[in-house]
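Colleague: Sequence plus predicted model, see below.
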Amino acid sequence: QTLPGLVSRRKAESELFLKGTKNDVLAHTILAQRDTWLKRKPGQTSDLTPEQKLFVPKGSAHAWTNISIVPGEVDYKITLEAQPNQVWWFYPTHWKIINDPKVTSVDPQFKHPKKLVLDVPYYSQRDNKKDPLRSCFSSACAMLLKYVKPNSITSDDEYMVTVYKYGDTTEPSAQVTALEQHGLDVKFRQDGGWSDIDSQLAKGFPIPIGVLHHGPVSKPSGGGHWLTIIGRNEDNTAYVVNDPYGEMDLINGGYQNSNGSHLLYSKKNLGPRWLVEGPGTGWYIEAIK
């Protein structure tokens, strides 16, 4: 049961943050580059309770007094002018940070970490109501959609209803149209390389990619599988992925288990399965806005 006082407080906070979101941006603000969240504590938004997070629409600008990096945390810690006694956390990739030289409390080492992992929810294809063994493409695209537009869908099953209006779950045209129907501008590409992956991550977009998941890494085979890249490790030798079917055996092919959330796939062994015909031949979904 939610207490009336809590409801009033949450409403007041929402009004505070939503008020004047289209006003001129101040000299020391954070500007939401996409629909996102402010959080009471660091961590994945999907793991937080409603009381621990506050939805912030794209275009909102909020004046801050202090921003700092906490060792070991991907999120940044922030104090806002509107709530000087309240600490919030935010994911830096989602925001443009506008600095004011007069603010002296900013950490002089303030910079984006080399390691980059987007806070993308995980969808397993195994529990899909329709075609669980062949709906990897839909689950991978649903993760992209849910991340970029959090209020668009509640599950990959809901997204698949839209997909099947325009074709089969395996068809790129059906996926592109379904994503566009939910307000996401995307393209199906067959010319991808690692620089494209890094560029999309830098823009704050997860990347669904198509790979060959059967056979040894020296000679991958199969009808194809889709997974979603959500980040990279610190030395950029591997990517963090949400694999809708589970943990792939990158060396031998096939799958080791059904746990596909936040896995680390090396570029060395993922590359031959994605760039099957050589550099610049990877299949992926490019999100534009």
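Modeller: Structure's in. What do you need? Worth saying up front: this structure is predicted, and the values here are computed from it rather than measured. Numbers count the residues shown, from 1 in each chain.
Colleague: Could you point out which residue ranges in the stretch 1-150 of the chain have low pLDDT?
Modeller: 1-27, 71-72, 99-114 (pLDDT under 70).
Colleague: Quick one: the strands in it, in order.
Modeller: 29-32, 36-39, 53-56, 61-69, 76-80, 83-90, 95-98, 116-117 (DSSP state E, counting those that start in this stretch).
Colleague: what are the ranges of the helices in the chain?
Modeller: 4-18, 136-148, 156-166, 172-181, 194-202, 267-274 (DSSP state H).
Colleague: Nearest to Tyr122 among those helices would be which one?
Modeller: Tyr122 lies closest, by CB to CB, to one member of the helices of the chain: helix 136-148, at 6.9 Å. For the C-beta atoms, the positions are set from N, CA and C on the backbone; glycine is no exception.
Colleague: same for that closest one, what does it pack against?
Modeller: helix 156-166, helix 172-181, strand 207-211, strand 225-232, strand 282-287 (3 or more CB pairs under 8 Å, 6 or more residues apart in numbering; DSSP states H and E).
Colleague: buried ones in the first one?
Modeller: Spelled out, it's helix 156-166. 156-157, 159-160, 162-163 (16 or more other CB atoms under 10 Å).
Colleague: Could you tell me the average pLDDT over that helix, please?
Modeller: The pLDDT scores in helix 156-166 average 98.
Colleague: got it, and the shortest one?
Modeller: When pLDDT is averaged along strand 207-211, the result is 98.
Colleague: Tell me which residues are up against that strand.
Modeller: 137, 140-141, 143-144, 192, 196-197, 200-201, 220, 224-229, 270, 273-274, 282-287 (CB atoms under 8 Å, 6 or more residues apart in numbering).
Colleague: The fourth one too?
Modeller: Counting by CB under 8 Å, 6+ apart, strand 225-232 makes contact with 115-118, 120, 136-137, 139-141, 143-144, 197-198, 201, 206-213, 238-245, 248, 260, 262, all of which sit outside it.
Colleague: and those, which are buried?
Modeller: Applying 16+ other CB under 10 Å to these flags 116-118, 120, 136-137, 139-141, 143-144, 197-198, 201, 206-213, 238-245, 248, 260 as buried.
Colleague: Before I go, just wanted to say thanks for your time.
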